[in-house]
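In: would you be able to build a 3D model of this:
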Amino acid sequence: QVQLVESGGGLVQAGDSLRLSCAASGRTFSSFAMGWFRQRPGKEREFVASISWSGMSTYYADSMKGRITISRDNAKNMVYLQMNSLKPEDTAVYYCAVDLNKSTAQAMGRISVDYWGQGTQVTVSS
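Out: As a prediction, this is how the structure comes out:
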């Protein structure tokens with residue numbers, strides 16, 4: 001059974017940092033790009049970042065570019081999202097995702113994602 005399990009969310013203050021983790025199990029995802037999405041209150045789920053199968057290239061949505069870094073450890077089947085200078089508008093549930101049709105870092109569409117994690121809540125207070 002394939003599982004993506006996110007962790008690392010929490011309540012922080014504006015300007016703080018958080019590192020989210022995504023643990024993949026049930027199969028290896030080292031051949032596929034992996035990504036992060038978020039869903040802010042009252043908004044649709046939106047793409048945030050992706051990383052190529054090798055980890056050598058990354059792609060970021062404009063919404064958080066410059067404040068986040070995506071990385072992966074294929075030996076551990078893990079993906080990470082380092083978030084810095086957090087703002088109240090970054091409050092959202094953050095989801096890990098895999099699109100089995102992608103191996104390079106590029107924008108991901110919600111409908112093309114094959115596996116989702118359950119999400120981890122990030123709340124940024126002002």
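In: quick check, central residue of the protein?
Out: In the chain, the C-alpha closest to the average C-alpha coordinate belongs to Trp36, at a distance of 2.2 Å (CA atoms, centre = their mean).
In: list the residues that contact that one.
Out: Leu20, Cys22, Val48, Ala49, Ser50, Ile70, Val79, Leu81, Tyr94, Tyr95, Cys96, Ala97 (CB atoms under 8 Å, 6 or more residues apart in numbering). Any C-beta I mention is one placed from the backbone N, CA and C, and that applies to glycine too.
In: ok, now with 10 Å
Out: 6, 20, 22, 47-51, 60-61, 64, 68, 70, 79-81, 83, 94-97, 108, 117 (CB atoms under 10 Å, 6 or more residues apart in numbering).
In: in this protein, mark out all the strands, start to finish.
Out: Using DSSP state E, the strands of the chain run over 3-7, 10-13, 18-25, 34-39, 46-51, 58-60, 68-73, 78-83, 92-98, 115-116, 120-125.
In: could I get those strands as TSV with distance to Thr104 and mean pLDDT?
Out: Shown next, in TSV, are the strands of the chain (distance: least, CB to CB, whole Å; pLDDT from 0 to 100):
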stretch	distance to Thr104	mean pLDDT
strand 3-7	20	96
strand 10-13	32	98
strand 18-25	18	96
strand 34-39	11	98
strand 46-51	8	97
strand 58-60	8	97
strand 68-73	13	98
strand 78-83	15	98
strand 92-98	14	97
strand 115-116	18	96
strand 120-125	26	98
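In: so who does the nearest residue to Trp53 once chain neighbours are set aside touch?
Out: Closest residue in space to Trp53, ignoring its immediate chain neighbours: Ser103 at 4.5 Å, by CB to CB, 6 or more residues apart in numbering. Neighbouring residues of Ser103 by CB under 10 Å, 6+ apart: Ser30, Ser31, Phe32, Ala33, Ser52, Trp53, Ser54.
In: buried among those? Need that as a selection in ChimeraX.
Out: Applying 16 or more other CB atoms under 10 Å to the contacts of Ser103, the buried members can be selected in ChimeraX as follows:
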select :30,32,33,52,53
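In: export the contacts of Ser103 as CSV, with columns for pLDDT and distance to Val124.
Out: Formatted as CSV, the contacts of Ser103 follow (pLDDT from 0 to 100; distance: CB to CB, whole Å):
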residue, pLDDT, distance to Val124
Ser30, 90, 32
Ser31, 92, 34
Phe32, 94, 30
Ala33, 96, 27
Ser52, 96, 29
Trp53, 95, 31
Ser54, 95, 32
